[in-house]
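Enquirer: the amino acid sequence is not available; the structure is as follows:
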């Protein structure tokens, strides 16, 4: 009888164990604006993290352009269903910084979760964009970029252009030759027009776009991009637009495909376009630094950081924040950061990833990304 009771008890216990649900996986929603090859990079990072542990699942979702993604995230927060992680471009940084309660500061997130996190491991030129005056990081640097000039080497060769243009007059002359060689709709172009021809152009020539240290020293800033140099440059573009030696491609990056398709043989846009160019361009290409006007003293000076960072939204559960912190620690791995830089064209965001890329001889083997460093 005792054996019979033992057998029944064992059977019951086994049945209950099989019927019990497996430990629930905590889902973490990640909204982003990455397209083309960089969308593939985002999906792979999520897959690798999900495979590395069994407690959390990062679910990436493309939400459109940078402005579209930020607006969707803000609307979702107001509706009470914001994602856990949201990619926000640098233009939206001030908006996110002032959104008290809507975001969870990254430095606080990592501290609360007890995850290893050293802000000094990141390049200061990048982290400075996303930190308080005390050095506390509010968001996680993800895809930082710079403006470069993408070159279709095959088409330049066909047009008899022996050297990659370095100055704006060189670019104008090369574009005229390209147009004469068959590029009737586009001698050269660019994405992100205001970033290229106002913000980056000004930094590259060391001229201000506003008073008060370009707005950093006060809200009573007066815009100054009507200087003689700015006016000359924009007038050159207007004049060249008339016969499409220069052809406007819109305010954002939607028309970067004009380079990949071969239509525009010279195209200024983000260094982060590299991943898409690799997957779409059927010709020999490279990148070069932005052009400059040689009669401007001290030019070229330096470019400035673009791209985006990852913001953690407020109002989430402690267990969810713990998972996000683990994901950020996963992303911070040196080998992973170096690989992300080398595959996407975005700048390395940690010193160790940059040093590893040099040590591995990456820039010698891949000179295309040398100009973005």
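Expert: Perfect, thanks for sending it. Note that the structure is a prediction, hence the values are computed from the model and not measured.

Enquirer: domains in the protein, as residue ranges please.
Expert: 26-145+306-372, 147-288 (automatic domain parsing).

Enquirer: which intervals of this protein have sub-threshold pLDDT?
Expert: Scanning the chain for pLDDT under 70 picks out 1-23, 370-373.

Enquirer: follow-up on the earlier one: could you dump the domains of the chain into CSV with mean neighbour count added?
Expert: In this view, the C-beta of every residue, glycine as well, is placed from N, C-alpha and C. Listed next are those as CSV, based on neighbours: other CB atoms under 10 Å:
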stretch, mean neighbour count
domain 26-145+306-372, 18
domain 147-288, 18
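
Enquirer: can I get these in a markdown table with distance to residue 300?
Expert: A markdown table is the format used below for the domains of the chain (distance: least, CB to CB, whole Å):
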| stretch | distance to residue 300 |
| --- | --- |
| domain 26-145+306-372 | 11 |
| domain 147-288 | 5 |
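
Enquirer: can you give me the strands in the chain?
Expert: 26-32, 56-62, 85-89, 103-104, 140-145, 147-152, 189-190, 266-270, 285-288, 306-313 (DSSP state E).

Enquirer: the helices in the stretch 101-250 of the chain, which residues?
Expert: 106-113, 124-127, 153-158, 168-180, 193-194, 201-205, 211-214, 228-241 (DSSP state H, counting those that start in this stretch).

Enquirer: run the chain-centre distance for the fourth one.
Expert: Offset of helix 168-180 from its chain centre (CA atoms, centre = their mean, to the nearest Å): 29 Å.

Enquirer: mind checking which of the strands of the chain is nearest residue 339?
Expert: strand 140-145 (13.3 Å; CB to CB).

Enquirer: I'd say residue 266 and residue 148 touch.
Expert: No: assessed by CB atoms under 8 Å, residue 266 is found out of contact with residue 148, at 11.4 Å.

Enquirer: the strands of the chain into JSON lines, with extra columns for distance to residue 196?
Expert: Formatted as JSON lines, the strands of the chain follow (distance: least, CB to CB, whole Å):
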{"stretch": "strand 26-32", "distance to residue 196": "23"}
{"stretch": "strand 56-62", "distance to residue 196": "24"}
{"stretch": "strand 85-89", "distance to residue 196": "15"}
{"stretch": "strand 103-104", "distance to residue 196": "29"}
{"stretch": "strand 140-145", "distance to residue 196": "12"}
{"stretch": "strand 147-152", "distance to residue 196": "6"}
{"stretch": "strand 189-190", "distance to residue 196": "5"}
{"stretch": "strand 266-270", "distance to residue 196": "5"}
{"stretch": "strand 285-288", "distance to residue 196": "14"}
{"stretch": "strand 306-313", "distance to residue 196": "10"}
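
Enquirer: what about the ones you listed, which gets the closest to residue 174?
Expert: strand 266-270 (6.6 Å).

Enquirer: now tell me what touches that closest one from outside.
Expert: Applying CB atoms under 8 Å, 6 or more residues apart in numbering, the contact partners of strand 266-270 are 145-152, 156, 165, 171, 174-175, 178, 187-192, 196, 249, 253, 256, 258-259, 290, 306-307, 345.

Enquirer: and for stretch 94-109?
Expert: By CB under 8 Å, 6+ apart, stretch 94-109 touches 70, 74, 77, 82, 88, 117, 119, 136-140, 311-314, 316, 321, 324-325, 328.

Enquirer: measure residue 260 to residue 254 for me?
Expert: Per CB to CB, to the nearest Å, residue 260 is found 13 Å from residue 254.

Enquirer: scratch that, residue 282
Expert: 21 Å.

Enquirer: chain center to stretch 81-94: distance?
Expert: 12 Å.

Enquirer: then stretch 161-174?
Expert: With CA atoms, centre = their mean as the basis, stretch 161-174 stands 28 Å off its chain's centre.

Enquirer: list the contacts of it.
Expert: Contacts of stretch 161-174 (CB under 8 Å, 6+ apart): 149, 151, 156, 159, 177-178, 187-188, 233, 236, 240, 245-246, 266, 286, 288-289, 291-294.

Enquirer: now do the same end-to-end measure for it.
Expert: End-to-end distance of stretch 161-174: 7 Å, with CA to CA, to the nearest Å as the criterion.

Enquirer: please apply the same query to stretch 217-227.
Expert: 20 Å.

Enquirer: how about stretch 192-212?
Expert: Span of stretch 192-212 from end to end, CA to CA: 25 Å.

Enquirer: before we move on, what about stretch 172-191?
Expert: 17 Å.

Enquirer: ditto for stretch 270-283
Expert: End-to-end span of stretch 270-283 (CA to CA): 19 Å.

Enquirer: could you tell me how far it lies from the centre of the chain?
Expert: 14 Å.
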